[in-house]
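Undergrad: Prediction below, plus the sequence it came from.
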Amino acid sequence: MTGSARGRTGGSRYGERVPLVAAAVCPHPPLLVPEVAGAAAAELDELRTACDAAVGRLLAASPDQIVLVGAGPETVRFRAADYGSLRAYGVDRHVRLWKTNCAGGERLPLSLTVGAWLLGRAGTDLPRFAESVAADTAPAECAALGAELVRRAEGRVALLVTGDGSACRGEKAPGYDDPRAQAYDEGVARALADADADALHGLDPVLSAELKVAGRAAWQVLAGAAGAAGGRWHGELTYDAAPYGVAYFVATWEPA
């Protein structure tokens with residue numbers, strides 16, 4: 001299905017065409033990394049396969065660089081040599097964003113650590129950059145950040161956006177059961193499937209926080225990027241499930 005990336009998220013500035021060639025959305029549970037999941041790794045094999053395929057489609061779009069976007073404690077642009085750690089999840093392992101040199105630091109939040117792991121798993125040598133967006137950032141600011149991210153990129157850019165849906169899908173969910181969670185997640189799934197930037201932009205920050213949604217701000221950055229690029233987009237949702245009471249989505253957006 002296709003959707004328009006114009007509307008509240010804005011269009012390209014002064015007729016400028018932004019070279020956004022593809023975007024992918026993946027969740028960022030630490031259990032996605034098999035070493036973290038241990039004996040339970042097979043439980044997320046389907047999700048892992050969907051994420052690998054989404055990253056593969058990003059690479060198939062022949063970008064010159066990849067920009068990772070995910071939620072974090074604050075909005076920060078990271079250096080190419082920065083890295084994340086899985087130590088807090090029982091695995092003493094660093095995950096590099098891209099380059100390895102002494103200028104890097106252990107700075108990536110979980111969302112970008114998992115995103116960098118997915119890119120490393122794909123074996124690509126493409127330049128990659130990353131920016132976290134504060135989880136409480138207002139929708140308009142998220143959209144503006146998305147537009148800025150692709151406008152300042154050099155050459156063809158692809159976005160890898162990481163974020164989880166509600167964490168309130170059932171009594172065993174991290175946020176316990178909330179009857180509003182199902183409808184919220186269904187709305188996100190439709191927006192991702194339809195490449196509906198306006199629907200993502202319209203997600204309510206207050207409700208999202210109450211449902212412990214980790215992806216709201218990052219998805220709204222995607223909405224801003226697509227809006228700045230202009231034109232129509234084709235979306236495909238390839239994974240939509242809540243195996244541990246947390247909604248996970250995998251989707252790809254490509255120019256229609």
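TA: It's in. Numbering: from 1, shown residues only.
Undergrad: contacts, neighbours, all on C-alpha from now
TA: Will do.
Undergrad: helix, strand or coil for Ala130?
TA: strand (DSSP: H, G, I helix; E, B strand; the rest coil).
Undergrad: sorry, that was for Pro243
TA: Secondary structure assignment for Pro243 (three-state DSSP): coil.
Undergrad: Need phi/psi at it.
TA: Note on Pro243: backbone dihedrals following degrees, to the nearest 10 are phi -60, psi -30.
Undergrad: For it, grab the count of nearby residues.
TA: Residues contacting Pro243 under the criterion other C-alpha atoms under 10 Å number 13.
Undergrad: How confident was the prediction at it?
TA: On pLDDT, Pro243 comes in at 94.
Undergrad: what separates it from Asp45, distance-wise?
TA: Spatial separation of Pro243 from Asp45 under the definition C-alpha to C-alpha, to the nearest Å is 12 Å.
Undergrad: Which stretches in this protein count as strands?
TA: All strands of the chain, identified by DSSP state E, fall at 2-4, 20-26, 65-72, 76-78, 83-85, 94-96, 128-134, 157-162, 232-241, 248-255.
Undergrad: most tightly surrounded among the ones you listed?
TA: Mean neighbours per residue, mean count of other C-alpha atoms under 10 Å, is largest over the strands of the chain for strand 157-162, with a mean of 28.
Undergrad: Now do that strand against strand 128-134, angle only.
TA: With axes from the mean of the first three to the mean of the last three C-alpha atoms, to 10 degrees defining the directions, strand 157-162 sits at 50 degrees from strand 128-134.
Undergrad: on contacts alone, who are the packing partners of strand 157-162?
TA: strand 20-26, helix 45-60, strand 65-72, helix 110-122, helix 216-229 (3 or more C-alpha pairs under 8 Å, 6 or more residues apart in numbering; DSSP states H and E).
Undergrad: Just the CA atoms of stretch 44-52, as CSV, please.
TA: Taking C-alpha atoms only, stretch 44-52 is exported to CSV below (Å, rounded to 0.1, in the frame of the first residue of the first chain):
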residue,chain,number,x,y,z
LEU,A,44,12.8,-14.5,18.2
ASP,A,45,14.1,-16.3,15.1
GLU,A,46,11.1,-15.0,13.1
LEU,A,47,11.7,-11.4,14.3
ARG,A,48,15.4,-11.7,13.6
THR,A,49,14.8,-12.9,10.1
ALA,A,50,12.4,-10.1,9.4
CYS,A,51,14.9,-7.5,10.7
ASP,A,52,17.7,-9.0,8.5
